[in-house]
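# any chance you could fold what I've pasted below:
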Amino acid sequence: MHGRLRHGNAVSGERHSEEYCAMYGICGAREDGKVVNCPFGSPSVKPDDLLSQKVQSLCPTITGNVCCSEAQFETLRSQVQQAIPFLVGCPACLRNFLNLFCELTCSPHQSMFINVTSTDKVKGNLTVSGIEFYVYDAFGEGLYESCKDVKFGTMNSRALNFIGAGAKNFTEWYAFIGRRAPLNLPGSPYAMTFKPSAPESSGMKPMNVSTYSCGDISLGCSCGDCPQSPVCANTDPPPHQAGASCTVRIGSFKAKCVDFILTILYVILVSMFLGWGLFNRKRERDQSSRMNPVSNIKDSGEATGKKDENLPTQMLEDSSQTGSRVQLSIVQGYMSKFYRCYGTWVARNPILVLSLSLAAILLLCLGLIRFKVETRPEKLWVGPGSKAAEEKSFFDTHLAPFYRIEQLILATVPEAGAQKGPSIVTENNIKLLFEIQKKVDGIHANYSGTMVSLTDICLKPLDKDCATQSLLQYFQMDPQNLDNYGGVEHVNYCLQHYTSADTCRSAFKAPLDPSTALGGFSGNNYSEASAFIVTYPVNNVIDTKGNEIDKAVAWEKAFIQLVKNELLPMVQSKNLTLSFSSESSIEEELKRESTADVITILISYLVMFAYISLTLGDTPRLSSFYISSKVLLGLSGVMLVMLSVLGSVGFFSAIGVKSTLIIMEVIPFLVLAVGVDNMCILVHAVKRQPMELPIEGRISNALVEVGPSITLASLSEVLAFAVGSFIPMPACRVFSMFAALAVLLDFLLQVTAFVAFIVYDFLRAEDKRIDCIPCRKISSSSADSDKGIGGRRPGLLARYMKEIHAPILSLWGVKIAVIAIFAAFTLSSIALSTRVQPGLEQKIVLPRDSYLQGYFNNVSEYLRIGPPLYFVVKNYNYSSESSQTNQLCSISQCDSNSLLNEIARASLTPESSYIAMPAASWLDDFLVWISPEAFGCCRKFTNGTFCPPDDQSPCCSSDTGSCGLGGICKDCTTCFLHSDLNSDRPSTSQFKEKLPWFLNALPSADCAKGGHGAYTNSIDLQGYENGVIQASSFRTYHTPLNKQIDYVNSMRAAREFSSRASDSLKMEIFPYSVFYMFFEQYLDIWRTALINLAIAIGAVFVVCLVITCSLWSSAIILLVLAMIVVDLMGVMAILNIQLNAVSVVNLIMSVGIGVEFCVHLTHAFSVSSGDRDQRVRDALGTMGASVFSGITLTKLVGVVVLCFSRTEVFVVYYFQMYLALVLLGFLHGLVFLPVVLSMFGPPSRCELVEKQEDRPSVSLRP
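Numbering: from 1, shown residues only. Modelled structure (predicted):
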């Protein structure tokens, strides 16, 4: 029952006059205990001295008479007490806010601006149920402007989100303040309507108390709470990272500077080359017209063909017999002498060579007993001297390890044609969430005979309830509250009032930010969210040898099993999607991946083995195939490759170096590519020797012919990989070490055991024994019909190389086109390589059928907040002699350029800083907590011990439900008076004494600033008694990071920010986020890649220079290798392949494989005779076929199989990159290099000399 009071009655003038009250005294209380005022006017009263002091301590603008009784004042005091901790950091805002309520409650002129408009009857008494509050808009504007940017650090958000429902202007704030609170909900017990002007007839005047600007120096707020303050306006804005790169605009055409420069460079180079080519061509024609024309190149080739084909053998004979002599370098000369003697010895003692070489390699393989695989990501990608690893170790040791995360994402399915799914916040979906939660709570994982549940391992900020981040927290995780609180309506209420409503507080007593529990919304439109995000933070520990982590892992496995078996079908039946992950998921899935592609890799090896067996044999003929085939030789060669890999792994395992999955996947391919090439070259070289020579002579001649180039190529590769062992990244370093040794062992086995196998195989073939069954001999009649063993013709590939490929490349038009095209591609690749992004997408690393694929997609689609970011301060000196407190904090009287002010300023430009919000500051909250204004926070009993707020035990008895003034806390006083503090800052002893109190104080409605839970792990109290806190952290969040480049750039931005702050404040500050340790490698990945590629290519150049003593040849090899690497990087950009440890390893490997394409051909060219075109033809005829069949085709057939891999990382980094590498190597080694040699090749080392004795030349290939 209520009535209306109106203006214009007989007593209106009396009621609305100065020194007159509109509502004096308390006339009752609502059912929820909230007291309500009497609706009767009365003259203002003179308070007693004690009440007057109390009023003036809270309301300094009110002097003299008052319109509030002592009970009304205590009610006012208890109500504003809840808001004070949010605003006390900005005195101007707090003063304005208190003035509003002081004038409303106690002003002696209350009736001039308060009009009671409605009343209720409570137990027979009339009470106020509605009022009009006349306030000038200027006051509302000033109040809002002074408070709008004030932060509430604990939640990284604005204070207005808590005490103003996130109001965007003063009218919205007034509407929130004036709303009559429903029963048991916070707010005013009666409705207040704020109006800017009063009716003229009423005689009333709006309240006109002046407001304080937050920039007022006397009541100065910090820059974080008042960015518009004049003090803050003078500070430099945070440097904005240059987003746009240098561009050139020509008309409407716009291009990057690097693209434009390279285009100009290309035009200049091609023009110069064409000019040089035309001049050179004209000069050659002039010379040829003065000499006997050689009109028929083909006839000329036929006339000299026999001699050319015999050239390799002729080089091996004495000059008096062969008619030619090769001027080898000193090193090559010694090599040739060694290989001649060595080849003869091996051919005569194959059993001894086989036994010794296999015994040595098997001895190395014994180390496999200690074989271990390293799967821990931090040990794979983070070097021991890593800055991020040191920072993580410091953070874990001094503060607390970052918690483990288990997560569920439930999302609605978009309707046909819709971009996004409908809202997920429905009654049925919330009930489903409760069902899911019940099943998760019911998980009991078995760990060593004990059952582990979520409550055993979860993070408990207040040591009681799990800090589960779920929408169900708005119902305190209790399904019975779903109906009691009002279902979806309650959720929608909490989404707007999660910071202020007690019924919206979580079970672990902290407000739950909707952005952590909902996803798929825009801005703050939480109700349109299309996904529930449920996060279970689980305690982490430093010592992995303890059983705490093992308990968590056991629970995580049971959690994943539950989701797969029960939750997934349950959610899908409701037409929702469910994705999920646990902390151990990635490691478990990577282990599964290591076995997922075993069959694919085995098939790839089998295909390569089959091809090798075919390519080593002679041209297949049905009549002699079972004799001329080389299946057994190919198998023995592949076995030697495998043994070299096992020997390398065994050696490093023996000395305690763990292997990695990259080694197991990449090195066999690499060594097989190198090994097969050497096998083909050796076998083909032996085949080219005259059959009349004994086996010792053929082996000896073959080794002299190809030994130097095989040695040169292998040493170059070993050195190229060995330099990779200086890479700080463990995965790359270990790969390089294993690869260098494997290639070295493979080379040694090739020139020992494999040569012995060649001896046995050729003896078998000459003895007419069947390949694979050498104990079986063919009858002489069958053997006689086969002339292919004694008289070999050049293979089809060799004939193609010499008779078709080489002549085409010798045409001038083709040469110019080849040079122009390859130069264009290389320069384009330089431009493209600048677009290669660092990173390694997690989705690529995992198997395609992994449940984490959908999870990572949903994370980037739905999450609206990024990873937590901590700014860690080392050795903070809090003593009163130090100025570091004001250099860190962001409340009143803190430095304008303090750390927390700078973080707040950086959060204003999140696109460049990647900082989403101001930091939660334990220091700000501590300084507010001890402040005398926050009279409900830091309190002490008369005996000097800590007194909690009035709404906590023992002040508030949970049994009787009585909280308030008459309990045992009635005599509690604030810890300090203003006079006890020095400029509102505690002394060293005060700081030392009260900090533990603060960290143990529970937050509650009467004091939201309690530090227990929010800051329990933010400070390292060890040794703090000396005036120095060794470590403390300030938490904020990154913006949502959806791409790998976002993670890299956010880390770089945070480090740059910390570096600037450290230099400015002369303090040691560093940023920490859980992903930094894994992404640190990408900050310098370009530098790492370029340095190691430069060293690898440089090492090859040095080896070539030392062995060949030819700067000319070495420079050409250097050029081609550099082009292969640059072009491969261009292909990476085209295929969107990122730069990471795997691709860096592949790039270094490309140097090793590129050597195979270049060195053999260049060596053959340098020891051939004739003009350059003729020498290129000879080199392609002898080595081109071996290189093409040994590397290109072998790798192609093996790599193609990898495209069927179940894991994306194999398809991207092994199939695509290997395929590109093989094709680029082939094109550069067998197209570009021959053209360069034919135009700019070094002079021949082969000199023609007169024969002393006429003897017919011996043909290698009749």
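
# what comes up buried for the helix or strand where Thr397 lies?
Using DSSP states H and E, Thr397 sits within helix 387-398. By 16 or more other Cβ atoms under 10 Å, the buried positions in helix 387-398 come out as Ala388, Ala389, Glu391, Lys392, Phe394, Phe395, His398. C-betas here are computed from N, CA, C, even on glycine.

# and what of stretch 459-477?
Under 16+ other Cβ under 10 Å, the buried positions of stretch 459-477 are 459, 461-462, 465-477.

# what is the end-to-end distance of it?
Distance across stretch 459-477, first residue to last, is 15 Å (Cα to Cα, to the nearest Å).

# ok, now stretch 983-990?
The first and last residues of stretch 983-990 sit 14 Å apart, counting by Cα to Cα.

# so which strand or helix has Glu406?
Per DSSP H and E: strand 404-412 holds Glu406.

# quickly run through the sheet partners of that strand, with directions.
strand 531-538 (antiparallel), strand 576-581 (antiparallel) (DSSP bridges).

# and of those strands, who's closest to Ser883?
Smallest distance to Ser883 across those (Cβ to Cβ): 36.5 Å, for strand 531-538.

# so after the closest one, what's the next helix or strand?
For strand 531-538, the following helix or strand on the C-terminal side (DSSP H and E) is helix 547-562.

# just to revisit the earlier point, from the buried residues of helix 387-398, which two are the most distant?
Across these, the longest distance by Cβ to Cβ is 15.9 Å; it joins Ala388 and His398.

# quick one, what contacts Asn184?
Asp32, Thr503 (Cβ atoms under 8 Å, 6 or more residues apart in numbering).

# I'd guess it is in a helix, am I close?
No: per DSSP: H, G, I helix; E, B strand; the rest coil, Asn184 lies outside any helix segment and is coil.

# gap between it and Thr711?
To Thr711, Asn184 is 89 Å away according to Cβ to Cβ, to the nearest Å.

# same question for Ala756.
Taken as Cβ to Cβ, the span from Ala756 to Thr711 is 18 Å.

# who has more neighbours out of those two?
Ala756 (24 against 20; other Cβ atoms under 10 Å).

# helix, strand, or coil at the more buried one?
Assignment for Ala756 (three-state DSSP): helix.

# give me the element Phe669 is part of.
Applying DSSP H and E, one finds Phe669 within helix 661-688.

# tally of neighbours for the residue nearest to Ile330 when sequence neighbours are not counted?
Leaving aside its sequence neighbours, Ile330 sits nearest to Cys1109 (Cβ to Cβ, 6 or more residues apart in numbering; 6.8 Å). Here the number of neighbours of Cys1109 (other Cβ under 10 Å) works out to 16.

# same thing with Leu1135?
11.

# need the nearest residue in space to it, chain neighbours excluded.
Gln1216 (5.5 Å).

# I'd say the one you found and Ile1134 touch.
No: counting by Cβ atoms under 8 Å, Gln1216 does not reach Ile1134; the two are 10.1 Å apart.

# tell me which of the two has more neighbours.
Neighbour comparison, Gln1216 and Ile1134: the larger count goes to Gln1216, with 20 against 13 (by other Cβ under 10 Å).

# next, that one: secondary structure please.
helix.

# ok, Phe97 next?
Per three-state DSSP, Phe97 ends up helix.

# please apply the same query to Gly936.
Recorded secondary structure, Gly936: coil (three-state DSSP).

# residues contacting it?
Gly936 sits next to Gln81, Gln82, Ile84, Pro85, Pro949, Asp950, Asp1006, Cys1007 when contact means Cβ under 8 Å, 6+ apart.

# OK, contacts around Val45?
So Val45 contacts Tyr24, Asn65, Val66, Cys67 (Cβ under 8 Å, 6+ apart).

# got phi/psi on the third one?
With angles defined as degrees, to the nearest 10, Val66 shows backbone torsions of phi -140, psi 160.

# find the nearest non-adjacent residue to it, please.
Counting by Cβ to Cβ, 6+ apart, Cys106 is the residue found nearest to Val66 once chain neighbours are left out, at 4.6 Å.

# quick check: pLDDT value at the one you found.
For Cys106, the pLDDT comes out at 92.

# do Cys947 as well
90.

# the closest residue to Ile560 other than its chain neighbours and Val452, how far apart?
Nearest-residue entry for Ile560: Ser582, 5.6 Å, with adjacent residues in sequence omitted and distances by Cβ to Cβ, 6+ apart. Distance of Ser582 to Val452, computed by Cβ to Cβ: 13 Å.

# then Tyr878?
41 Å.

# repeat for Ser329
Distance of Ser329 to Val452, computed by Cβ to Cβ: 70 Å.

# the two: which has the busier surroundings?
Set Ser329 next to Val452 and count neighbours by other Cβ under 10 Å: Val452 wins out with 22 against 17.

# wait, doesn't the more buried one sit right on Trp555?
Yes: the pair Val452 / Trp555 is scored as a contact, 4.9 Å apart, by Cβ under 8 Å.
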